[in-house]
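[1] how would this look folded up:
(one chain, ligands or ions: 1)
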Amino acid sequence: MKMLRKIFVGIILLGGVLFGLLIFVGQPKIEQSMNKVLAHAPYVIAPEVQILHDTLTIVDWHCDATLWARDLTKKSNYGHVDIPRLGQGNVAIQMFTAVTKSPKGQNYEKNTGDFDNITLLAVTQLWPPATWNSLTQRALFQAKKLDECAARVPDQFRVVTSQTELSRALSLRTKMKNKGETGLVIGMLGIEGLHALEGKLENIQVLYDAGYRMMGFHHFFDNRTGGSLHGLSRAGLTDFGRRAVKKLDELSVVIDLSHSSPAVVDDILELTSRPCVVSHTGVTSAHASPRNLSDEQMVKIAQKGGLIAMGYWEGAVGDISPRNIVRSIRHAMDLVGENHVSLGSDFDGSTTTSFDTSEISILTQEMVNAGFSKQEIAKVMGENAVNFLMAHLPN
Ligand SMILES: [Zn+2]
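    The predicted structure is shown next:
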């Protein structure tokens with residue numbers, strides 16, 4: 001009997017230790033294998049380029065950092081984005097986009113969305129049980145995580161949800177920088193795929209109340225709003241999707257066209273009264289990839305006042321070197337004009353990049369090398385995005 005009890009206690013202890021190992025050793029290992037930076041010698045930034053870089057207001061439309069177990073208020077030596085590294089890179093505004101479901105064997109061609117990898121991530125990261133099978137709860141939890149970061153380091157980071165809050169945060173940032181301090185980092189919340197609504201239109205309001213101000217209709221699979229760019233149907237908007245567009249317009253939520261089928265993109269452009277953003281993408285004329293929309297659609301998006309935000313990973317640009325990302329930015333500017341190109345890293349989105357956000361000055365350096373004017377650099381790095389947000393966020 002005693003022996004049996006010992007064996008039983010032993011098994012429980014061993015289970016506990018293995019679970020602990022999975023969480024404390026396994027989580028960083030999992031993320032390290034998903035979000036990589038290519039090994040490289042330190043980038044050399046010319047002193048005059050660094051001076052220029054330090055004057056820029058830099059905006060990144062897309063990163064998935066809230067998905068992972070890292071404390072974003074602390075500087076990590078893996079992954080791509082945290083608040084200290086955003087400060088170091090002189091990034092003013094970072095959009096944090098919540099992923100709530102990601103299919104097994106995720107690819108750019110065809111996904112069913114039957115099996116979901118995020119469930120395992122939610123359980124092993126000890127997210128609240130409510131998030132284990134609710135996509136809406138997963139989004140709410142990620143918003144809460146970001147708000148808690150802001151509460152822990154209020155002097156370094158703030159989440160904004162309106163034009164007024166953004167403009168206040170930007171002027172505080174300028175004051176800090178004028179005093180020679182690291183500028184305040186401003187966070188915003190976005191959603192990657194309206195499956196986060198769990199089929200209920202009223203959940204748009206729930207997500208809005210949690211602070212979400214940009215919503216993309218799709219991720220890697222079709223959902224109730226219509227077809228994904230990587231799903232099975234390639235269908236346009238459903239009636240539910242059309243009602244979602246109306247509701248988002250009513251609330252002044254920015255629509256993100258990334259990952260939606262070309263038919264959905266056309267339908268949204270026809271239906272919405274507001275300009276849209278492609279928060280993380282490449283352009284086909286620079287890199288033909290099933291991840292990128294056609295040049296014709298990009299032109300249409302820009303003509304309606306929208307922004308094309310350039311990504312840094314292979315599916316968007318092919319060769320991920322800073323020089324080639326800048327080549328893609330040039331293609332995009334030639335295609336849609338200098339007022340419609342922005343940055344959308346997809347940092348921490350299970351991507352491999354050639355730099356993390358603390359090293360973003362290498363983009364400024366490569367733009368200078370490629371002969372961009374100061375005005376072009378300022379616009380792409382963030383001015384276009386700030387103008388867009390100050391015009392289209394809720395007041
Ligand atoms: Zn994405």
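[2] helix or strand with the lowest mean pLDDT in this structure?
    Least confident helix or strand, the chain: helix 2-21 with a mean of 68, by mean pLDDT, DSSP states H and E.
[3] gap between Ala122 and Val91?
    28 Å (Cβ to Cβ, to the nearest Å). Using the backbone N, CA and C atoms, a C-beta is placed for each residue, glycine as well.
[4] more neighbours: which of the two?
    Val91 (27 against 23; other Cβ atoms under 10 Å).
[5] list the residues that contact that one.
    Applying Cβ atoms under 8 Å, 6 or more residues apart in numbering to Val91 gives the contacts Ile58, Val59, Asp60, Val185, Thr357, Ile360.
[6] beyond the least confident helix or strand of the chain, next helix or strand please.
    Using DSSP states H and E, the helix or strand that directly follows helix 2-21 along the chain is helix 27-34.
[7] rounded mean pLDDT for that next one, please.
    For helix 27-34, the mean per-residue pLDDT is 86.
[8] partner strands of the helix or strand following that helix, parallel or antiparallel?
    Note on helix 27-34: by DSSP H and E, the next helix or strand toward the C-terminus is strand 36-37. Sheet pairing here is set by DSSP bridges, and for strand 36-37 it gives strand 352-353 (parallel).
[9] following the partner strand, which helix or strand comes up?
    helix 361-369.
[10] got the buried residues for that following helix?
    For helix 361-369, the neighbour count (16 or more other Cβ atoms under 10 Å) marks Ser361, Ile362, Leu363, Thr364, Gln365, Glu366, Met367, Val368 as buried.
[11] what comes up buried for the helix or strand that that helix is followed by?
    Following helix 361-369 in sequence order, the next helix or strand is helix 374-378 (DSSP H and E). Under the neighbour-count criterion of 16+ other Cβ under 10 Å, helix 374-378 has Glu376, Ile377, Ala378 buried.
[12] the last one contacts Leu56, doesn't it?
    Yes: if you go by Cβ atoms under 8 Å, Ala378 and Leu56 touch, sitting 5.9 Å apart.
[13] how about the strands in the stretch 51-200 of the chain?
    Using DSSP state E, counting those that start in this stretch, the strands assigned to the stretch 51-200 of the chain run over residues 58-63, 91-99, 157-159, 185-192.
[14] can you lay out those strands as TSV showing distance to Gln142 and mean pLDDT?
    Listed next are the strands of the stretch 51-200 of the chain as TSV, based on distance: least, Cβ to Cβ, whole Å; pLDDT from 0 to 100:
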stretch	distance to Gln142	mean pLDDT
strand 58-63	12	98
strand 91-99	4	98
strand 157-159	12	98
strand 185-192	8	98
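[15] just those strands: most buried one?
    strand 58-63 (a mean of 28; mean count of other Cβ atoms under 10 Å).
[16] just list what that one packs against, helices and strands only.
    Strand 58-63 sits against strand 91-99, strand 277-281, strand 307-310, strand 341-343, helix 384-392, with contacts defined as 3 or more Cβ pairs under 8 Å, 6 or more residues apart in numbering; DSSP states H and E.
[17] for that strand, the distance to its chain's centre please.
    Offset of strand 58-63 from its chain centre (Cα atoms, centre = their mean, to the nearest Å): 7 Å.
[18] contact partners for Phe217?
    Phe217 neighbours (Cβ under 8 Å, 6+ apart): 193-194, 223, 225-226, 241, 244, 255-257, 259-260, 264, 268.
[19] report the buried residues of stretch 39-57.
    For stretch 39-57, using 16+ other Cβ under 10 Å, the buried residues are Ile45, Val49, Leu52, His53, Leu56, Thr57.
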